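**Student:** Below: sequence and its predicted model.
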Amino acid sequence: MAPPPLLLAFFLVFACFAETGFAIIYFSSLQRSLVVTASHPQPLLKAGEDKITVTWGLNQSFLAGTDSAYKTIKVQLCYAPISQVDRAWRKTHDNLSKDKTCQFKIVKRAYTTTNQTSEWTIERDVPAATYFVRAYALDAEDQEVAYGQTTNLFEIQAITGRHVSLDIASICFSAFSIVSLMGFFFAEKTKGRKAQQ
Ligand SMILES: *[C@@H]1O[C@H](CO)[C@@H](O)[C@H](O)[C@H]1NC(C)=O
Ligand SMILES: *[C@@H]1O[C@H](CO)[C@@H](O)[C@H](O)[C@H]1NC(C)=O
Ligand SMILES: *[C@@H]1O[C@H](CO)[C@@H](O)[C@H](O)[C@H]1NC(C)=O
């Protein structure tokens with residue numbers, strides 16, 4: 001008996017999804033063909049303030065054509081092992097859809113055969129920890145096919161006490177606004193009363 005067309009359609013759709021959306025990629029299966037470097041002004045960086053300059057390109061000891069499937073480069077900020085200890089929410093998984101090592105996007109850009117550079121100001125919500133930078137090469141289906149990462153680690157400091165004084169300043173400013181608003185309100189009221197008389 002031939003399978004009912006509906007069932008056949010279902011299998012076709014399922015097969016398509018299996019092909020694209022649900023492919024399981026293992027980090028250990030990726031080729032380390034990219035060279036990534038990150039430079040920064042000092043070893044201890046401040047979130048929301050300091051900049052990192054990331055450079056990436058193909059490792060020239062790989063054969064020409066290694067990068068033929070590379071379409072996009074995704075550069076991310078990743079937790080170093082020392083900052084993952086006892087923190088399940090930063091845990092490394094070989095199954096990339098479960099991996100939590102790299103949680104901050106630095107840049108995503110079309111792949112070129114020449115080295116590329118990007119400057120990134122560390123976002124304010126980046127927690128204090130030790131990090132490295134990793135770049136993934138993605139194919140036309142936006143799936144990871146290769147990677148590269150920095151060998152040096154660096155430390156990011158969270159927003160510090162300097163911002164506390166900024167917060168105090170903003171509280172004072174708010175208080176001042178309320179007082180002046182009240183002053184304005186009373187002035188208007190008095191004016192209104194005078195006009196009535
Ligand atoms: C380039 O690749 C070769 C071979 O895998 C490796 O030995 C070398 O360390 C890589 N170079 C860099 C700068 O990562
Ligand atoms: C990899 O992760 C995905 C998404 O969480 C899951 O569906 C899949 O079963 C995992 N594969 C393995 C082999 O753990
Ligand atoms: C790209 O960067 C690598 C590693 O930093 C360097 O060895 C290579 O000469 C650079 N290539 C070009 C074309 O600048």
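**Tutor:** Thanks, I have it. Ligands and ions are numbered 1, 2, ... in the order given.
**Student:** Break the protein into its domains for me.
**Tutor:** 13-157, 162-192 (automatic domain parsing).
**Student:** which ones are touching the residue of the chain found nearest ligand 2?
**Tutor:** As assessed by Cβ to the nearest ligand atom, ligand 2 sits closest to N95 within the chain, at 3.6 Å. Backbone N, C-alpha and C define where each C-beta goes, glycine included. Taking Cβ atoms under 8 Å, 6 or more residues apart in numbering as the criterion, N95 is in contact with I24, I25, Y26.
**Student:** quick revisit: hey, which of the domains of the chain is tucked in deepest?
**Tutor:** A comparison of these by mean neighbour count, using mean count of other Cβ atoms under 10 Å, puts domain 13-157 on top with a mean of 15.
**Student:** Go through the domains of the chain and find the least confident stretch.
**Tutor:** Note on the domains of the chain: lowest mean pLDDT is at domain 162-192, with a mean of 62.
**Student:** contacting residues for T55?
**Tutor:** V36, T37, A38, S39, N115, Q116, T117.
**Student:** before we move on, the earlier item: redo the contacts of N95 as CSV? Include secondary structure and distance to G65.
**Tutor:** Formatted as CSV, the contacts of N95 follow (DSSP: H, G, I helix; E, B strand; the rest coil; distance: Cβ to Cβ, whole Å):
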residue, secondary structure, distance to G65
I24, coil, 26
I25, coil, 21
Y26, strand, 23
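**Student:** and which of those is nearest to T66?
**Tutor:** Within those, the smallest distance to T66 is 17.7 Å, found for I25 (Cβ to Cβ).
**Student:** mind listing what the spatially closest residue to D50 that is not a sequence neighbour touches?
**Tutor:** Nearest residue to D50, sequence neighbours excluded (Cβ to Cβ, 6 or more residues apart in numbering): I122, at 5.7 Å. Residues in contact with I122 (Cβ under 8 Å, 6+ apart) are L45, K46, A47, G48, E49, D50, K51, I52, L77, I156.
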